[in-house]
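Visitor: give me a model of this one.
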Amino acid sequence: MATATITAPAVKSKREGIPAAARFLRVTHLLFLLLIGVQFLPDHAGVTEAHTTWLIWFSVIVEAFTLAITLLFKKREGLNLFLDIIGFIYGFLLVWTLLTAKLAILPAALFPPFGKVLAQAAEDAPKILINIKSSVGIILQGFLLALVTAIPLGLFLGWNARLGSAATYLSKFFSSIPPIVYIPYGIALLPSFRSVSVFVIFLASFWPVFAGTMSGVLHVDSRILDSAKVLNVSKPTMLLSVILPASLNQIFLGCNQGLSVSFILLTSAEMIGARDGMGYYVKYYSDFGDYTRTIVGLLVIGIVVIGVTFLVNRLQNYLLRWKK
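Guide: So this is what the prediction gives:
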């Protein structure tokens, strides 16, 4: 009599995705515990309990945010990068606390405890928001003006081989001139310091975006152009639907370069003659020796730059998703 064999269906021995241990049992969370533990060491003279409380609450909020975001990652590489960044922040705050509030190795006038910096930032929050609005507004005006002029001009000149070759050398010449040297002419010709700042940001952004657009057009794969010509597409369609998408990668390289230079120039310009903006905030309080507010300004500038760069990179990834 034949014996029937029953084959059990294959059972997955391991759940797909990142294991819980890989998400939560990390050095980053150990650094968080060390940072909290250090806060219970005796404080140096001049450090108040409020300063320590500010740092503890800040660390707890960052850790809660980290644990929540950790659950959203599906790829181990992205999770590792995120946790490494948070780990560096915890490590930096740990060293800062030991060198200032606990051991007083660094001079307190120049390097206040981080809790004191947080308390000052909270106190000056309305003033900081006004200055951020001013700085980001100037950046957006100058940068967007550069985009709407540099990209069409770069597409047109890059598509014309003869004009493009001459324009390449001209762009190299003008882009080598620091835009900040145009400030005296801007002050003489324009009605306000804000318009001068927008003009300088425009120049700082125009040439990198223009050069990036031309480079992208000149390096479009000839097979793509030949295919479009076979389909007998019109010139506007060729520029907007074929050449522009193929050049986006180089255009975004120019945009990122222009943004970086723009923030540096704007901060420098605000420190020279502005009456608002984050550069003015840093310069004003550093003149009075208020280094707590100076550090607040430096940290806020860094956060704003990272935030704007992150948004630009997200836009780049979205527009170039077809390449993946």
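Visitor: please make it C-alpha for all contacts and neighbour counts, starting now.
Guide: Will do.
Visitor: could you pull out the helices for the stretch 151-300 of the chain?
Guide: Ranges of helices in the stretch 151-300 of the chain, per DSSP state H, counting those that start in this stretch, are 161-175, 183-189, 193-218, 222-230, 235-237, 244-273, 278-287, 291-319.
Visitor: can you state the direction angle for the third one and helix 244-273?
Guide: Orientation check (axes from the mean of the first three to the mean of the last three C-alpha atoms, to 10 degrees): helix 193-218 against helix 244-273 gives 150 degrees.
Visitor: the nearest residue to Ile224 once chain neighbours are set aside and Val181, how far apart?
Guide: Distances taken as C-alpha to C-alpha, 6 or more residues apart in numbering place Val242 nearest to Ile224, at 7.7 Å, with adjacent residues excluded. Using C-alpha to C-alpha, to the nearest Å, one gets 38 Å for the distance from Val242 to Val181.
Visitor: next: Phe65.
Guide: Phe65 is 44 Å from Val181, where distance means C-alpha to C-alpha.
Visitor: quick one: low-confidence ranges for the stretch 201-324 of the chain?
Guide: 324 (pLDDT under 70).
Visitor: try it again with 90
Guide: 214-249, 260-261, 264-276, 316-324 (pLDDT under 90).
Visitor: before we move on, the earlier item: between Val242 and Val181, which is the more surrounded one?
Guide: Set Val242 next to Val181 and count neighbours by other C-alpha atoms under 10 Å: Val242 wins out with 18 against 10.
Visitor: contacts only, for that one.
Guide: Contact analysis of Val242 by C-alpha atoms under 8 Å, 6 or more residues apart in numbering lists Ile224, Leu225, Ala228.
Visitor: for PyMOL, what selects the buried ones among those?
Guide: Of those, the buried ones go into a single PyMOL selection, burial set by 16 or more other C-alpha atoms under 10 Å:
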select buried, resi 228
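Visitor: compile the contacts of Val242 into TSV and extend it with columns for distance to Asn131.
Guide: Converted to TSV, the contacts of Val242 look like this (distance: C-alpha to C-alpha, whole Å):
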residue	distance to Asn131
Ile224	47
Leu225	47
Ala228	49
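Visitor: much appreciated, bye for now.
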